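**Q** Provided below for reference: sequence and predicted model.
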Number of protein chains: 2
Amino acid sequence: MSSGNRPRIRAAGRTRGVPEATVARLPVYLRALHALADAGHDTVSSEELAVAAGVNSAKLRKDLSHLGSYGTRGVGYEVALLVDQISRALGLTQRWAVVLVGVGNLGHALAGYAGFASRGFRIAALFDADAERVGERIAGQDVRHIDDLDRVVAEEQVSIGVIATPADAAQEVADRLVEAGVTSILNFAPCVLQVPDGVDVRKVDLALELQILSFHEQRKADSAGTVTPLPASHVDAREVVGQ
Amino acid sequence: MSSGNRPRIRAAGRTRGVPEATVARLPVYLRALHALADAGHDTVSSEELAVAAGVNSAKLRKDLSHLGSYGTRGVGYEVALLVDQISRALGLTQRWAVVLVGVGNLGHALAGYAGFASRGFRIAALFDADAERVGERIAGQDVRHIDDLDRVVAEEQVSIGVIATPADAAQEVADRLVEAGVTSILNFAPCVLQVPDGVDVRKVDLALELQILSFHEQRKADSAGTVTPLPASHVDAREVVGQ
DNA sequence: AAATGTGAAGACATTCACAGCA
DNA sequence: TGCTGTGAATGTCTTCACATTT
């Protein structure tokens, strides 16, 4: 017996409790809404928005219902209001300061990526461990030495760090980020990071995504080669988009 | 009534039926195994491998069980054998040809990303729509004009395409890729792609990941500011790693 | 003695289908 | 009438706990 050794606290106090799967889709809805706003739409139905976001409308409505009741029955959602509510839910009413560590190939590209600035993030500083690179100017920022990390994080109130170093440097960088006070990390290095509780890590792994595609390619190739040619209504109607 | 309007075919013929969630973790296990092999380990227990991969051991064993029974009770898994089996399951026994479309900031970085080559993928060609860029040499490849896409895809038997264009060009590129015969797409453009059944799309969205982190940052900031200081056993012991 | 492989339970997520409201 | 919001049903994923095997 012993009835499950950890009680697994679900929430403390007044948790709105938005499911993680929903959180991961909110940015997609937000983007679709911006596009609709630009196209001149004032209101949108769950069906229309769902199509624009690439999900089905029941899922969309359930997702939005976790934020509150912002639609009008018989009409739909007011685009501007929904943009506000989703932005608020995601914490995008403030502009987060981000530091980027590692200005190699990929770091360069990330430093110049316009999508960060336009979506509520400000790159406060670029860092590298390589003395050769320090002082280099990228996207209007001087590359600083990683030893300055503590100071910059404190001064600029940085809470998010992006790691774009080689894999063998990533854990050390993560340790330094955490030490400096960063509590969220986006990791582009192909490795697993060890961080203390209370620090969130998300991983973006380029090769991993290709390997997943490889799996499905193989499946397709196999079933094509086998007896079953599978006429038109192919089995693969599964949705892959959802990360 | 009407009992669910689509029968939802789950598989055609002899599907081993590896769950999608498992597939997404296999590349992580593979990487951990390579690291272990390099470190001289011949065998590994589910517990050790799980730690290296950042998951719990029950999940790891369940995942591996979908590939077959390759462990030895009382001992563990032979590293080399497991590498083989996972590689086979992921379709990495062959080297896939990939085309990359869009050689801007990000495309440049991707073209030079060593992780592709080292994990079973060969960049067969680079494309851009901008005549200025055509002919430019990146990572040992000449950039070609997108009009050559059909020919290259056919000649080099390409089945995977990577889109690294701006969002407004992505759908058009996707259409051309599909038209040329590509059946898997990795999309870095921040937009939803429309593709026919049988074509898989995976999306990598850099800003989206930051937005998810923003959500959790806000939650932390809120609960810190509120009445509840939440002693040591902080609520955030949730695992975020799992993509 | 040690560690795998797996039914069963539980948690989580999606989809259905319709009550309720504008 | 049209569309949202949501209980209930279904499906998927994770975790537990232990029989089984070396």
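**A** Perfect, I can see it now. Numbering: from 1, shown residues only, chains lettered A, B, ... in the order given.
**Q** in chain A, which spans are helices?
**A** A:20-38, A:46-53, A:57-65, A:79-90, A:105-111, A:114-118, A:149-156, A:167-180, A:206-225 (DSSP state H).
**Q** so what's A:Gly76 bridging to?
**A** Beta-bridge pairing for A:Gly76 (DSSP bridges): A:Thr72.
**Q** contacting residues for it?
**A** By C-beta atoms under 8 Å, 6 or more residues apart in numbering or on different chains, the contact set of A:Gly76 is A:Thr43, A:Val44, A:Ser45, A:Ser46, A:Glu48. In this view, the C-beta of every residue, glycine as well, is placed from N, C-alpha and C.
**Q** buried subset of the residues you listed?
**A** The neighbour count (16 or more other C-beta atoms under 10 Å in any protein chain shown) marks A:Thr43, A:Val44, A:Ser46, A:Glu48 as buried among those.
**Q** now those residues in TSV, with distance to A:Ala114 and pLDDT?
**A** What follows is the buried ones among the contacts of A:Gly76, written out as TSV (distance: C-beta to C-beta, whole Å; pLDDT from 0 to 100):
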residue	distance to A:Ala114	pLDDT
A:Thr43	29	98
A:Val44	26	98
A:Ser46	30	98
A:Glu48	27	98
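**Q** what's the most distant pair in those residues?
**A** Farthest pair in the buried ones among the contacts of A:Gly76 (C-beta to C-beta) is A:Thr43 and A:Ser46. Separation: 11.1 Å.
**Q** so what touches the longest strand seen in chain A?
**A** Identified as the longest strand of chain A according to DSSP state E is strand A:121-128. Residues from elsewhere that reach strand A:121-128 (C-beta under 8 Å, 6+ apart): A:95-103, A:107, A:111, A:116-117, A:134, A:138-139, A:141-146, A:148-149, A:152, A:156, A:158, A:160, B:207, B:210, B:214.
**Q** buried ones in that strand, by neighbour count?
**A** Applying a neighbour-count criterion of 16+ other C-beta under 10 Å, one finds A:Phe121, A:Ile123, A:Ala124, A:Ala125, A:Leu126, A:Phe127, A:Asp128 buried in strand A:121-128.
**Q** tell me the one among the residues you listed nearest to DNA strand C.
**A** Checking the buried residues of strand A:121-128 against DNA strand C by C-beta to the nearest atom of the strand gives A:Phe121 as the nearest, at 24.6 Å.
**Q** give me the pLDDT value at the closest one.
**A** A:Phe121 is assigned 97 on the pLDDT scale.
**Q** what do you get for A:Arg88?
**A** What the model reports for A:Arg88 is a pLDDT of 98.
**Q** so it versus DNA strand C, what's the distance?
**A** 21 Å (C-beta to the nearest atom of the strand, to the nearest Å).
**Q** ok, that residue - how many residues close by?
**A** Here the count is done by other C-beta atoms under 10 Å in any protein chain shown, and A:Arg88 has 13 residues near it.
**Q** for A:Gly120, see how far away it is.
**A** Distance from A:Arg88 to A:Gly120, counting by C-beta to C-beta, to the nearest Å: 12 Å.
**Q** kindly report the same for A:Gly140.
**A** Remark: distance between A:Gly140 and A:Gly120 (C-beta to C-beta) = 18 Å.
**Q** neighbour count for these two, which is higher?
**A** Set side by side, A:Gly140 and A:Gly120 show more neighbours around A:Gly120, with 19 against 8, by other C-beta under 10 Å.
**Q** for the nearest residue to the more buried one once chain neighbours are set aside, grab phi and psi.
**A** Of all residues not flanking A:Gly120 in the chain, A:Leu92 sits nearest, at 4.2 Å (C-beta to C-beta, 6 or more residues apart in numbering or on different chains). Dihedral angles of A:Leu92 (phi, psi; degrees, to the nearest 10) stand at phi -100, psi 10.
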